[in-house]
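Chemist: sharing a model prediction with you, sequence too.
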Amino acid sequence: METVQALLRSARHLPGDSPLRDAEILLGHCLGKSRTWLYTWPDNEISEACAEQFRSLVQRRAQGEPVAYLTGYREFWSLELAVAPSTLIPRPETETLVEWSLDLALSDRADVLDLGTGTGAIALALASERPTWGVTGVDRSEAAVALAVENMQRCKLGNVSMVLSDWFAALAGQRFDLLVSNPPYIDAGDEHLTQGDLRFEPKTALVAGECGLADIAHIVAEAPRYLHPGGWLLLEHGYAQGAQVRALLQQRGYAGVTTRRDLAGQERVSGGCWLAE
C-alpha cells in the first residue's frame, strides 16, 4: 500500500498554481481527513480503494476539471457550500462584495436581495453575519435554487429564502434596502472561457451580451423599482469593467458611485445609492 506522502508526490504534475494544495484537498476528500491530518501522518498507509479513488480524481483534475466539482464542496466566507456544474464555483474575489455590504450603515432589519444567487454563497454569507436581516436569493435556474436551498439548510440559517425568478420577474411590489449581484459579465468571445475552470462552468452564468455588460445594464436600470429610498446596489464585474459600470450607475442617477478593489488590487465591485426618482 502507498503512503500519504507517496500519493501526494504522485500528483505533482497537476495543472494550476497550487498542485500540492489541490492534491491535498482531493486526498483529504477521499480519506475524510483534514489537510492537517495529512501533514501529521505522512507515512500513514492508504488502502488501495482510497488510493484508486484518489488517482481517478487526480486524472480528472489533470484534464482541467475544477477541484470543487470533484469534491462537491467549496468554502466561502467560512461556510462550506455544496457546488455542482449547474452553478458557478464561489471565488474569493466575491468576498469583496460581501465585505462592502457589511460595511454599509443599514438597518438591523434590512431586507436584502441577491440576484442570480447560484449556490447561495453571497446571500448565505450575509445572512450568517446579520441574523436580523431578511435575505432573499433568486435565480432563474431550478437546479441552482435547489442547490441554494440545500446550502441554506446545511448552514442552518432561518433568515434566508430562495426564489425561482428571472432577475426581478417574481418580485413585483417588493422593495429592498440592498441589492447585490454577481451576474454574468464575460464577453462571449473572451479567450478565458476556453481556459482553466471556466471551461467546466455553466456559460449561462458567465456570458452576457454587449461585451459582457448586458445583464449589468439591465440590473442597473431596473433596480430602482425595487429599492427603498436610500437603498444600495452593489455589482461584481470584470477587472476591466469598472469605468463602464460606474458610468451606467451615474447615468441612471445613483449617488455616491464608487468601486472597490479585490485582494489582488483589481477593480471588482461597483455600486451606488438610490435616493429617489
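Modeler: Thanks, I have the structure now.
Chemist: dump the residue contacts of residue 35.
Modeler: 24-25, 28 (Cβ atoms under 8 Å, 6 or more residues apart in numbering). Yep, even glycine has a C-beta here, placed from its N, CA and C like the rest.
Chemist: are any of those residues buried, and which?
Modeler: The neighbour-count criterion (16 or more other Cβ atoms under 10 Å) marks 24-25, 28 among the contacts of residue 35 as buried.
Chemist: closest one of those residues to residue 264?
Modeler: Distance to residue 264 across these (Cβ to Cβ) is lowest for residue 25, with 21.4 Å.
Chemist: quick one, helices of the chain?
Modeler: Ranges of helices within the chain are 4-9, 19-31, 35-40, 48-62, 67-71, 95-103, 121-129, 142-155, 209-212, 214-222, 242-252, based on DSSP state H.
Chemist: buried residues in the fifth one, which are they?
Modeler: When burial is assessed from 16+ other Cβ under 10 Å, helix 67-71 yields the following buried residues: 67-71.
Chemist: which one of the residues you listed sits closest to residue 152?
Modeler: For these, the nearest to residue 152 is residue 68 (18.4 Å; Cβ to Cβ).
Chemist: export only the CA atoms of the longest strand along the chain, formatted as CSV.
Modeler: Secondary structure of the chain per DSSP state E: the longest strand is strand 227-236. C-alpha atoms of strand 227-236 as CSV (Å, rounded to 0.1, in the frame of the first residue of the first chain):
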residue,chain,number,x,y,z
LEU,A,227,-35.1,49.7,-3.8
HIS,A,228,-36.3,51.7,-0.9
PRO,A,229,-35.1,55.4,-1.0
GLY,A,230,-31.5,55.3,0.3
GLY,A,231,-31.1,51.7,-0.8
TRP,A,232,-27.8,50.4,-2.3
LEU,A,233,-27.0,48.5,-5.4
LEU,A,234,-23.6,46.6,-5.4
LEU,A,235,-22.4,44.7,-8.5
GLU,A,236,-19.5,42.4,-9.1
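Chemist: angles on the backbone of the residue nearest in space to the middle of the chain, please.
Modeler: Residue closest to the mean C-alpha point of the chain, counted by Cα atoms, centre = their mean, is residue 90 at 2.8 Å. Reported as degrees, to the nearest 10, the phi and psi values for residue 90 are phi -60, psi 140.
Chemist: one more: residue 104?
Modeler: phi -70, psi 150.
Chemist: what's near enough to touch the nearest residue to residue 93 once chain neighbours are set aside?
Modeler: Among residues not flanking residue 93 along the chain, residue 262 sits closest, at 4.1 Å (Cβ to Cβ, 6 or more residues apart in numbering). Residue 262 makes contact with 92-93, 96, 268-269, according to Cβ under 8 Å, 6+ apart.
Chemist: including pLDDT and distance to residue 186, could the residues you listed go into JSON lines?
Modeler: JSON lines is the format used below for the contacts of residue 262 (pLDDT from 0 to 100; distance: Cβ to Cβ, whole Å):
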{"residue": "92", "pLDDT": "89", "distance to residue 186": "18"}
{"residue": "93", "pLDDT": "91", "distance to residue 186": "14"}
{"residue": "96", "pLDDT": "96", "distance to residue 186": "18"}
{"residue": "268", "pLDDT": "96", "distance to residue 186": "14"}
{"residue": "269", "pLDDT": "97", "distance to residue 186": "16"}
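Chemist: out of the residues you listed, who's nearest residue 58?
Modeler: residue 92 (23.6 Å).
Chemist: pretty sure that closest one sits against residue 268.
Modeler: No: with contact defined as Cβ atoms under 8 Å, residue 92 does not count as touching residue 268 (10.4 Å).
Chemist: can you list the buried ones among the contacts of residue 35 in CSV and add pLDDT and distance to residue 11?
Modeler: Output for the buried ones among the contacts of residue 35, formatted as CSV (pLDDT from 0 to 100; distance: Cβ to Cβ, whole Å):
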residue, pLDDT, distance to residue 11
24, 89, 9
25, 90, 11
28, 89, 12
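Chemist: residue ranges of each domain in this structure, please.
Modeler: Structural domains assigned to the chain are 4-63, 86-274, following automatic domain parsing.
Chemist: deepest in the core, which of the helices of the chain is it.
Modeler: Sort those by mean neighbour count, taking mean count of other Cβ atoms under 10 Å, and helix 121-129 sits at the top with a mean of 25.
Chemist: so how far is that helix from its chain's centroid?
Modeler: Centroid separation for helix 121-129 versus its chain: 11 Å, with Cα atoms, centre = their mean, to the nearest Å.
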